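Student: no FASTA, just this:
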């Protein structure tokens, strides 16, 4: 059975550009996927990049006990989206893209393609002090906006597979962290969404 958990950041520097946000992940259940949810407010009607959300981030880092173990950025996210099956790619692009006209606050998402959970269930009980650290880009141009952004709030959404009376989805496997691969940020399981 799947369970969706959404959380606000434990740390936020309250900036729009060069924003730094930290989320702490509890070590229970099996993690299927992580998403960032962005609430974006423009100062004036604005044009934007398509898909929008991958251009907002500079880096998103998954840490265990303060040690970076996986990272995603704009280029990696776009390449993972391009490798997706066409019908899924279109769904991802739609959820990652602002709607026209962009003149008031809108919410979009960003799937986080960390290699340790890419296409598999990640047993969170094997890790200590997990955190997701988000860094946004430093200007409206770098984020792909034509006008200034006055508000940017970030939340983390986790899709969990609960353990329990009925177990979990046996079609997927769990994997423990291999620190020998930890700094090869672009290594991922050959998995098509």
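Tutor: Perfect, I can see it now. Computed from a predicted model, the values in this text were never measured in an experiment. Numbering: from 1, shown residues only.
Student: Point to the residue nearest the middle of this protein.
Tutor: Centroid-nearest residue in the chain: residue 112, 3.1 Å away (criterion: CA atoms, centre = their mean).
Student: Residue 158 - nearest residue in space that isn't next to it in sequence?
Tutor: With CB to CB, 6 or more residues apart in numbering as the criterion, residue 158 has its nearest non-adjacent residue at 4.6 Å, and that residue is residue 5. In this view, the C-beta of every residue, glycine as well, is placed from N, C-alpha and C.
Student: What's the first helix or strand after the host helix or strand of the one you found?
Tutor: Assessed by DSSP states H and E, residue 5 sits inside strand 2-7. For strand 2-7, the following helix or strand on the C-terminal side (DSSP H and E) is strand 11-12.
Student: tell me what that next one is packed against?
Tutor: strand 20-25 (3 or more CB pairs under 8 Å, 6 or more residues apart in numbering; DSSP states H and E).
Student: pretty sure residue 10 contacts residue 26?
Tutor: No - contact criterion CB atoms under 8 Å: residue 10 and residue 26 do not qualify, at 11.5 Å.
Student: Please enumerate the strands of the protein.
Tutor: For the chain, strands defined by DSSP state E occupy the ranges 2-7, 11-12, 20-25, 30-42, 57-64, 67-72, 106-112, 122-123, 130-136, 149-161.
Student: can you state the direction angle for the first one and strand 20-25?
Tutor: Think strand 2-7. For strand 2-7 against strand 20-25, the angle by axes from the mean of the first three to the mean of the last three CA atoms, to 10 degrees is 140 degrees.
Student: Let me know the average pLDDT across the longest helix along the chain.
Tutor: In the chain, taking DSSP state H as the definition, the longest helix is helix 86-96. Mean pLDDT, helix 86-96: 88.
Student: Tell me which residues of that helix come out buried.
Tutor: The neighbour-count check on helix 86-96 (16 or more other CB atoms under 10 Å) flags 89, 92-93, 95-96 as buried.
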